[in-house]
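Student: return atomic coordinates for the entry below.
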Amino acid sequence: MKLPELPTTVVGSFPAVPPSDALFRYCRDGTDPYGVSLEEAVEAQISAGIHIVSDGQTRNDMVKLFTTKLSGIRMRSKPVIIGPVGYRESITAEDQELAKRLIAGRVLLKGIITGPFTLAMSCQDDYYHSPEKLAMAFADALNGEANRLAGLVDILQVDEPFFSVEYPEYADALVSAIFEGVELPRALHVCGDVGGIFSKLVELPVDILDHEFAAHPELLDVVSDTNFTQKIGYGCVRSDVNIAESVHEISERIKKGIACAGHGRLMLDPDCGLRHLSPEVARAKLENMVKARETVMSNEG
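Tutor: Numbers count the residues shown, from 1 in each chain. Coordinates of the predicted model:
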């Protein structure tokens, strides 16, 4: 499938509340209730007109989704590292396989892995006693998942929200390790204000840099003043406000992004995951983003 100009995508998560009948079926016969949420998330994205969808990350939050499946971790309210972190089984592959069957070639599929630095900063380290060693252990372990997903998805994204909080000097080593052997477009999502580190992010071995431009429009000035080769995942819809922006408002944001980076380098998406929004608002945001893209393209065509 060839992508059009200004393709639309998502950062990853979608509101995940299994319906009551799915929970009843789980109690009755063990049917996975989160599979139902995944199906609803995928269909909502496709119905909205999104070109590159995700599985919705409906099963758990971005930290627990991965720490529950890796070895060397004891699950508490904050995961505790008690031994060598290792990859022992597929983490999200089954969900990606289901998403791929649902998509049936209609759109492309993005796989998402929570980054090693973010996982390291989200755990209590009782084993390595070194943030760098722990993060590298996560990167090496997650490389197994990255290569597992490479045979299922069209784009692979690593989420590193903690990069905007505390940027590690060993970021290049982390990104290189997790993507080693992956022959797919590589995306890196970093939310928050990345103005102070954008010049470092462009040096990382990735093809797409995805950021929050709706919440941080000042980033456009930073992008304009920086030389880089990557495409930009252009957050043009806020993910922290449970109100859907109008088509006009989103259109104006898209126009500013085009003026900064051009059509060919932008991929449109929300600022971040939509997990904490209501399902109705999440759908409306995606629908209005698609309509805004169509408005901009028709006016410029």
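Student: buried residues in the longest helix along the chain?
Tutor: Longest helix in the chain, counting residues (DSSP state H): helix 279-300. Within helix 279-300, the residues scored as buried using 16 or more other C-beta atoms under 10 Å are 279, 282-293, 295-296. Heads up, the C-betas are built off the backbone N, CA and C, glycines and all.
Student: show me the two of the residues you listed that sit farthest apart.
Tutor: Pro279 and Val296 (26.3 Å; C-beta to C-beta).
Student: just the helices in the stretch 51-200 of the chain please.
Tutor: 64-67, 93-103, 116-121, 131-149, 171-179, 198-201 (DSSP state H, counting those that start in this stretch).
Student: out of those helices, flag the one nearest His211.
Tutor: Counting by C-beta to C-beta, His211 lies closest to helix 198-201 out of the helices of the stretch 51-200 of the chain; the figure is 8.0 Å.
Student: contact partners of that closest one?
Tutor: 163, 167, 171, 188, 190, 194, 209, 211, 219, 222-223, 226 (C-beta atoms under 8 Å, 6 or more residues apart in numbering).
Student: got a quick ChimeraX command for the buried subset of the residues you listed?
Tutor: Here is the ChimeraX selection string for the buried members of the contacts of helix 198-201, based on 16+ other C-beta under 10 Å:
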select :163,167,171,188,190,194,209,211,219,222,223
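Student: adding pLDDT and distance to Ser90, write the contacts of helix 198-201 out as TSV.
Tutor: Formatted as TSV, these follow (pLDDT from 0 to 100; distance: C-beta to C-beta, whole Å):
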residue	pLDDT	distance to Ser90
Phe163	98	26
Tyr167	98	30
Ala171	99	26
Leu188	99	22
Val190	99	26
Val194	98	31
Leu209	99	27
His211	99	29
Leu219	98	35
Val222	97	38
Val223	97	36
Thr226	97	37
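Student: show me the shaky parts of the stretch 201-301 of the chain.
Tutor: Residues of the stretch 201-301 of the chain meeting the criterion pLDDT under 70: 301.
Student: which residues of it fall in strands?
Tutor: With strands called from DSSP state E, counting those that start in this stretch, the stretch 201-301 of the chain shows them at 208-211, 231-237, 266-270.
Student: right, and the ones you listed - which one's nearest Lys256?
Tutor: strand 231-237 (8.9 Å).
Student: quickly run through the sheet partners of the closest one, with directions.
Tutor: Counting by DSSP bridges, the strands paired with strand 231-237 are strand 208-211 (parallel), strand 266-270 (parallel).
Student: would you mind getting the angle between the longest one and helix 279-300?
Tutor: Here strand 266-270 runs at an angle of 150 degrees relative to helix 279-300 (axes from the mean of the first three to the mean of the last three C-alpha atoms, to 10 degrees).
Student: distance to Arg253 added to the strands paired with strand 231-237, as a markdown table?
Tutor: Putting the strands paired with strand 231-237 into a markdown table (distance: least, C-beta to C-beta, whole Å) gives the following:
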| stretch | distance to Arg253 |
| --- | --- |
| strand 208-211 | 13 |
| strand 266-270 | 9 |
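Student: among these, which is nearest Cys236?
Tutor: strand 266-270 (5.5 Å).
Student: for the closest one, output the C-alpha coordinates as PDB.
Tutor: The C-alpha trace of strand 266-270 is given here as PDB (Å, rounded to 0.1, in the frame of the first residue of the first chain):
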ATOM      1  CA  LEU A 266       4.900  15.500   7.600                       C
ATOM      2  CA  MET A 267       2.900  12.600   8.900                       C
ATOM      3  CA  LEU A 268      -0.200  13.800  10.800                       C
ATOM      4  CA  ASP A 269      -1.200  12.400  14.200                       C
ATOM      5  CA  PRO A 270      -2.400  13.300  17.700                       C
END
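Student: now what about it, what contacts it?
Tutor: Contact partners of strand 266-270, identified using C-beta under 8 Å, 6+ apart, comprise 6-11, 52, 208, 210, 214, 231-239, 254, 257-258, 285-286, 289, 293.
Student: change it to 7 Å
Tutor: 6-11, 208, 210, 231-237, 239, 254, 257-258, 285, 289, 293 (C-beta atoms under 7 Å, 6 or more residues apart in numbering).
Student: same question for stretch 74-82.
Tutor: 67-68, 72-73, 122-128, 134.
Student: just the buried residues of it, please?
Tutor: 79-81.
Student: pick the one among the contacts of stretch 74-82 closest to Gly273.
Tutor: Proximity to Gly273 was ranked across those by C-beta to C-beta; first place goes to Ser122, at 15.3 Å.
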